[in-house]
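[1] task: produce atomic coordinates for the following.
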Amino acid sequence: MSNPLSISRTSSLDNEYIGRFAPSPTGPLHFGSLIAAVASYLDAKANQGRWLVRMEDLDPPRESPGAAALILRQLELLGLCWDGEVLYQSNRLEAYENTLAQLKDRKLCFDCDCTRPQVREMGNVYDGTCRRRNSAPENNFAVRVKTEPVDIGINDLVQGRYSQNLNDDVGDFIIKRKDTLIAYQLAVVVDDDHQNITHIIRGFDLIDSTPRQIFLQRLLGFEEPIYGHVPIIVNNSGQKLSKQHFAAAIDVSHAPLLLHRVLTFLGQSPPLGSDITDPRDQLQWGIENWDIQAVPKLATIPEDKSA
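    Model prediction:
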């Protein structure tokens, strides 16, 4: 039997730089999400690349009415202008199902009705229980992809070398949820390939998802993007800034000052002049002086309440 990870791929280094910012419309942008947006934008534009925006609107119960439009308006007011049309994942369901069918046809995934408490008892690393069953569950099941005992690593542009052994660290992981929604790991891989994404600059909280996404890219014969994971902002309790943890929306009425704070957080040491009244001037300075090696090599940084 051939190795499912042996499909050859061309290097994304040969392609035009295409980056992306992919928020979930659960609420307006907060300072933490703005950091990811600006970092991905600057890295794309500093490399004469394109910067795309994708709305990851695959989880209706968590989404806020009007949030997608509000996020786009916030980006516009900050001078963060995207290239091309915005992609909405809710319009891509057929593509995800087709990819899932391919994996099923190749017997690379299986149905699983294990509960979260059961997985916690496994040490939060799925042990293949349903993979070994003689008969598949009939209802209320998720779909998991079969992992392999391989180390998958990246040379992260910010964090350096990072790797996981999927069998030891994750186990077979979910690509379609019990509620029938397509899981993030599968959707993001399918869309990154569809949009020809070559570079992904995002928050450190997603770095442990990267080996899973690379594993799927290899199964599907997709090119592997280049990754960079910037530090995330956490509150006083050590929680990532998010709507769930009551993060405040950014105030775009003070856009130049706000962008100055983001650039400072990213280690870029921007000049602050009283004559800077257009956020595009701040972004242009950021493009001309962008140095991804200056981004702090930290996982998290405490919230600056002034931001």
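
[2] contact partners for the closest residue to residue 208 other than its chain neighbours?
    Closest residue to residue 208 apart from its sequence neighbours, by Cβ to Cβ, 6 or more residues apart in numbering: residue 164 at 7.0 Å. Every residue, glycine included, has its C-beta placed from N, CA and C. Neighbouring residues of residue 164 by Cβ atoms under 8 Å, 6 or more residues apart in numbering: 151, 152, 153, 170, 208, 211.

[3] out of these, which is nearest to residue 234?
    Of all the contacts of residue 164, the one with the least separation from residue 234 (Cβ to Cβ) is residue 208, at 16.0 Å.

[4] gap between the closest one and residue 173?
    Per Cβ to Cβ, to the nearest Å, residue 208 is found 11 Å from residue 173.

[5] ok, back up a step: so which of the contacts of residue 164 are in helices?
    Using DSSP state H, residue 211 are the members of these that sit in helices.

[6] and the contacts of residue 164, which is closest to residue 71?
    The nearest one, if we look at the contacts of residue 164 relative to residue 71 and count by Cβ to Cβ, is residue 208, at 24.8 Å.

[7] that closest one: neighbouring residues, count only.
    By the measure other Cβ atoms under 10 Å, the count of residues near residue 208 is 13.

[8] tell me the gap between the strand or helix carrying residue 261 and the middle of its chain.
    Using DSSP states H and E, residue 261 sits in helix 255-265. In this view, helix 255-265 has its centroid 22 Å away from the chain centroid, taken as Cα atoms, centre = their mean, to the nearest Å.

[9] angle of the helix or strand that that helix is followed by against helix 255-265?
    The C-terminal neighbour of helix 255-265 among helices and strands, as given by DSSP H and E, is helix 279-289. If you take axes from the mean of the first three to the mean of the last three Cα atoms, to 10 degrees, helix 279-289 sits at 20 degrees to helix 255-265.

[10] which residues sit against helix 279-289?
    By Cβ under 8 Å, 6+ apart, the list of residues contacting helix 279-289 from outside reads 38, 41-42, 45-46, 77-80, 255-256, 258-260, 263, 268, 270-271, 276.

[11] please repeat the previous calculation with a cut-off of 6 Å.
    Residues outside helix 279-289 that contact it (Cβ atoms under 6 Å, 6 or more residues apart in numbering) are 42, 45, 46, 78, 79, 255, 256, 259, 263, 270.

[12] what is the nearest of those to residue 121?
    Of all the contacts of helix 279-289, residue 42 has the smallest distance to residue 121: 44.2 Å, by Cβ to Cβ.

[13] now that closest one: how far from residue 290?
    Distance, residue 42 to residue 290, by Cβ to Cβ: 5 Å.

[14] of these two, who's got more company?
    Between residue 42 and residue 290, counted using other Cβ under 10 Å, residue 42 has the larger neighbour count: 27 against 20.

[15] what sits against that one?
    Residue 42 makes contacts with 286, 287, 290, as judged by Cβ under 6 Å, 6+ apart.

[16] what's the closest non-adjacent residue to the second one?
    The shortest distance from residue 287 to any residue other than its chain neighbours is 4.6 Å, reached at residue 45 (Cβ to Cβ, 6+ apart).

[17] check the one you found and give its pLDDT.
    With respect to pLDDT, residue 45 scores 98.

[18] sec struct for it, please.
    Per DSSP: H, G, I helix; E, B strand; the rest coil, the secondary structure class of residue 45 is helix.
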